[in-house]
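>>> Provide a 3D model corresponding to the input given below.
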Amino acid sequence: MGMEQRCIHCGFPIQTLFLQYSPGNIRLLKCENCKAVADEYIECEIMILLIDLILHKPKAYRHLLFNLVNPQTLNFQGLLWKSALGFLLLDAYMILVLTRSEEEWRLSMSFSSLSWRCAKILMNALFGNLAFLSIFLLATKNLLNTVGGASRYKNLLLTILISSYFKIFLIAMMIWEFPSFVIFIIDAFVLSSNTVALEDVIRVTFDLRFVTDSIKS
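Sure thing, here's the model as predicted:
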């Protein structure tokens, strides 16, 4: 199950973000908690959302992670696996760019050696990411058990994968030649994006649990 829809301003749970009267004719609804329009990104162009994501605006991340990635509109499980596969392939390409040399590629042009090299790079990317995720999930184990149990692990994993969208720019390196230090710049953007997204998801989920408990009591 994915994360429930929320107001991008205060993070309060929202059942419906808009009312649709006819195709292309909708009315955005206001949040019951802060009285602001719950999610104005619904009517924005994708480029505006992308720019705000690059600028690390928390509202843009809330729209993407809570309202756009929604079990009612997307196959949550399928998206998780596709994102993981894309993440792994881009990471493998990054390792390839950092470790290759012209001489090595000239000396290893046979099919068997290329296959072995590609398999080795994929395994390095896989085990490297598994080690990172294991350490992160173990570090947040107590918090996750407090705010929702095992389902939160999938949510946080998807948050990491989606907030690593900047890795897509590695595809440009397949077409145009860039100096290798560009990879470190991309990595820095990915880490900062992961930090903003995870901080916001954990804070909103954790804080709203106590807000909900206080309302019920």
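
>>> ranges for the strands of this structure?
Taking DSSP state E to define them, one finds strands in the chain at 18-22, 25-28.

>>> ok, T99 - contacts?
I121 (Cβ atoms under 8 Å, 6 or more residues apart in numbering). Backbone N, C-alpha and C define where each C-beta goes, glycine included.

>>> Quick check: the gap between it and S180.
Applying Cβ to Cβ, to the nearest Å, the value for T99 to S180 is 10 Å.

>>> those helices in the chain, which residues are they?
For the chain, the helices defined by DSSP state H cover 46-54, 58-62, 76-99, 102-107, 111-139, 141-147, 151-162, 170-175, 181-216.

>>> right, and those helices - which one's nearest Q20?
Of all the helices of the chain, helix 46-54 sits nearest to Q20, with 19.4 Å by Cβ to Cβ.

>>> Name the residues of the closest one that are buried.
Neighbour-count burial for helix 46-54, counted by 16 or more other Cβ atoms under 10 Å, picks out L49, D52, L53.

>>> can I assume the last one is in contact with Y61?
Read that as L53. Yes - L53 is within contact range of Y61, at 6.9 Å (criterion: Cβ atoms under 8 Å).

>>> re the thing from before, and among the helices of the chain, the most buried is which?
helix 58-62 (a mean of 21; mean count of other Cβ atoms under 10 Å).

>>> Packing partners of that one?
Packing partners of helix 58-62 (3 or more Cβ pairs under 8 Å, 6 or more residues apart in numbering; DSSP states H and E): helix 46-54, helix 181-216.

>>> how about the residue nearest the centre of the chain, what does it touch?
Against the mean C-alpha coordinate of the chain, by Cα atoms, centre = their mean, the closest residue is I162 at 1.8 Å. I162 makes contact with L64, L65, V69, S83, A197, according to Cβ under 8 Å, 6+ apart.

>>> Throw those residues into a markdown table and include pLDDT, thanks.
Shown next, in a markdown table, are the contacts of I162 (pLDDT from 0 to 100):
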| residue | pLDDT |
| --- | --- |
| L64 | 88 |
| L65 | 86 |
| V69 | 76 |
| S83 | 81 |
| A197 | 89 |
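
>>> Mind picking the one among the residues you listed that's closest to G11?
Looking across those and measuring by Cβ to Cβ, the closest to G11 is L65, at 11.1 Å.

>>> count of residues packed around the closest one?
23 (other Cβ atoms under 10 Å).

>>> what sits against it?
Contacts of L65 (Cβ under 8 Å, 6+ apart): M3, L158, T159, I162, S163, A197, D200, V201.

>>> Swap in 6 Å and give it another go.
By Cβ atoms under 6 Å, 6 or more residues apart in numbering, the contact set of L65 is T159.
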